[in-house]
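Visitor: Take this sequence and fold it.
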Amino acid sequence: MSRDADPANASTGSAKMHGQAGPTDITDPRIRHEARRAFAWLAVASIFGLAVLLSASLLVIFGGIVFAALIDGGARLLGKILPLRRGIRITIVLLAALGFVVWVVQFAGSTIATDAAQLPATVQAEFYNALGWLQRHGIEVDVADVQRIAQKATGGISQMTRALTGIIGGLTTIFLIIVLGIYFSLEPNLYRRGVAWMLPADKRDRFQHTVHRMGSALRKLMFGRLIGMIVEGVATWLMLAIYGVPMAFLLGLITGLLAALPNIGAPVSGAIMILVGFSGGLNMGIYTIIVYTLVQTLDGYVIVPFIARQTVDLPPALVLAAQLIMGVLFGILGLALADPLMAMIKVWLESEADYNQRHQDDADGEPPATPIAV
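Guide: Below you'll find the model as predicted:
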């Protein structure tokens, strides 16, 4: 028998092979520690890259969560009046929302469509009237530059009007958000427990506490935003209609919808309203400026502070920056969800800080701090 075939020699060679370091083994403990840190950062970068790749889908899912918060808030509010089962209350909320949409389409749809077709031409005409007024008062303006600005402005208004009157382009996204929101609102505990189950056991209570705070803040934020939209839209419509401003209902609808976009919606809706007002004369234009000032004062000094006290007080510059970034990346959906997304991030950071502070107090032998109510 040859030496290579000897079982004893084979076992000895196998033992030597198992005792030797392989090409992927790291014997130095410091290098092994740094390698683990590098792999951890690589995993974080991979997860971040995957999130960027799936960002559009994740945004739709977050939109479903926001819509579920609206449904859940309505069902909770209805439960204080009617002692019905949760499923019945959710059905009532959805039927009420569907009824409002049907009313807008059936009874006000023709009026909105007619006014929307006239709006770009009215705004463009008032734009050139303002140009003529400036020239008559000795202010020289380059006509070519103004024409380019007017074309861009009217083009943007036309796109906005189409987006407000017919959402055919985003029908699939809207449908997915609605379906996800209904599923999330029907059984929120099921999905919350499912996500918690995928976390380590010692992190689940912490996750449940954070999610509870985020859900409460999101419900109050969206409820306050909805109240603000209704108040601004109805107040604008009524005050414009009393004076006989053209397209009062459309302007009220635009103002109410754009109230969902803090910092951005108010100037856009106000500019459109004032331009339409000046189409009916100087007095009507001044009246629309007064209406815009009153509505925005009510929003800025009553509605917004109330929402901030009940939910999360976000710096306006931070919200505006998030809206600009999300709007560029994801369009109108990103613009609409930037505010609740920033609110949820802040609630999460505050919850983590509170949790760490309580554990630090427990370690120091001090009584735990009282959680901040949201």
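Visitor: send the alpha carbons of whichever strand or helix holds residue 290 over as CSV?
Guide: Secondary structure assignment for residue 290, by DSSP states H and E: helix 282-298. The C-alpha coordinates for helix 282-298 follow below in CSV (Å, rounded to 0.1, in the frame of the first residue of the first chain):
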residue,chain,number,x,y,z
LEU,A,282,-59.6,96.5,-9.4
ASN,A,283,-62.2,96.3,-6.6
MET,A,284,-62.6,92.5,-7.1
GLY,A,285,-58.9,92.1,-7.2
ILE,A,286,-58.4,93.9,-3.9
TYR,A,287,-61.3,91.8,-2.4
THR,A,288,-59.5,88.6,-3.4
ILE,A,289,-56.3,89.8,-1.7
ILE,A,290,-58.4,90.5,1.5
VAL,A,291,-59.9,87.0,1.2
TYR,A,292,-56.5,85.4,0.8
THR,A,293,-55.1,87.3,3.7
LEU,A,294,-58.0,86.4,6.0
VAL,A,295,-57.9,82.7,5.1
GLN,A,296,-54.2,82.4,5.5
THR,A,297,-54.2,84.3,8.8
LEU,A,298,-56.8,81.8,10.1
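Visitor: buried stuff in it?
Guide: For helix 282-298, the buried set under the neighbour-count rule, 16 or more other CB atoms under 10 Å, comprises 284, 285, 287, 288, 291, 292, 295, 296. From N, CA and C alone the C-beta is placed, and that goes for glycine too.
Visitor: Pull the most distant pair out of those.
Guide: The widest separation within the buried residues of helix 282-298, taken as CB to CB, falls between 284 and 296 and amounts to 18.6 Å.
Visitor: related to what we said a few turns ago, please convert the buried residues of helix 282-298 to TSV, extending it with distance to residue 217.
Guide: Listed next are these as TSV, based on distance: CB to CB, whole Å:
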residue	distance to residue 217
284	42
285	41
287	39
288	35
291	32
292	30
295	26
296	25
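Visitor: what about the stretch 251-374 of the chain, any weak spots by pLDDT?
Guide: 308-311, 359-374 (pLDDT under 70).
Visitor: how about the helices in the protein?
Guide: Counting by DSSP state H, the chain has these helices, from start to end: 7-19, 29-53, 55-79, 86-107, 109-136, 143-165, 171-186, 188-197, 204-243, 248-258, 265-278, 282-298, 304-310, 316-364.
Visitor: which of these is buried the deepest?
Guide: helix 248-258 (a mean of 23; mean count of other CB atoms under 10 Å).
Visitor: and that one with helix 316-364, angle?
Guide: For helix 248-258 and helix 316-364, the angle between their directions (axes from the mean of the first three to the mean of the last three CA atoms, to 10 degrees) works out to 30 degrees.
Visitor: Who are the packing partners of helix 248-258?
Guide: The helices and strands touching helix 248-258, judged by 3 or more CB pairs under 8 Å, 6 or more residues apart in numbering; DSSP states H and E, are helix 109-136, helix 143-165, helix 204-243, helix 265-278.
Visitor: Next, the angle from it to helix 282-298.
Guide: 30 degrees.
Visitor: still on that earlier bit, weakest of the helices and strands packed on helix 248-258 by average pLDDT?
Guide: Out of these, helix 143-165 stands lowest, with a mean of 49 (criterion: mean pLDDT).
Visitor: ok, now which ones touch residue 76?
Guide: Residues in contact with residue 76, defined by CB atoms under 8 Å, 6 or more residues apart in numbering, are residue 219.
Visitor: now residue 183: how far from residue 43?
Guide: With distances defined as CB to CB, to the nearest Å, the gap from residue 183 to residue 43 amounts to 30 Å.
Visitor: sorry, that was for residue 337
Guide: As for residue 337, its distance to residue 43 is 27 Å (criterion: CB to CB).
Visitor: what do you get for residue 186?
Guide: With distances defined as CB to CB, the gap from residue 186 to residue 43 amounts to 35 Å.
Visitor: do residue 263 as well
Guide: Between residue 263 and residue 43 the distance is 37 Å, computed by CB to CB.
Visitor: do residue 314 as well
Guide: Residue 314 sits 31 Å away from residue 43, going by CB to CB.
Visitor: ditto for residue 250
Guide: When residue 250 is compared with residue 43 (using CB to CB), they lie 52 Å apart.
Visitor: which residue sits closest to residue 82 in space, ignoring its chain neighbours?
Guide: Spatially, and ignoring its direct neighbours in sequence, residue 82 is nearest to residue 89 (7.0 Å; CB to CB, 6 or more residues apart in numbering).
Visitor: check contacts around the one you found.
Guide: With contacts taken as CB under 8 Å, 6+ apart, residue 89 has the following neighbours: 74, 75, 78, 79, 82.
Visitor: rerun that using 6 Å as the cut-off
Guide: Residues touching residue 89, when contacts are defined by CB atoms under 6 Å, 6 or more residues apart in numbering, comprise 75, 78, 79.
Visitor: Next, work out how far apart it and residue 221 are.
Guide: Applying CB to CB to residue 89 and residue 221 gives a distance of 21 Å.
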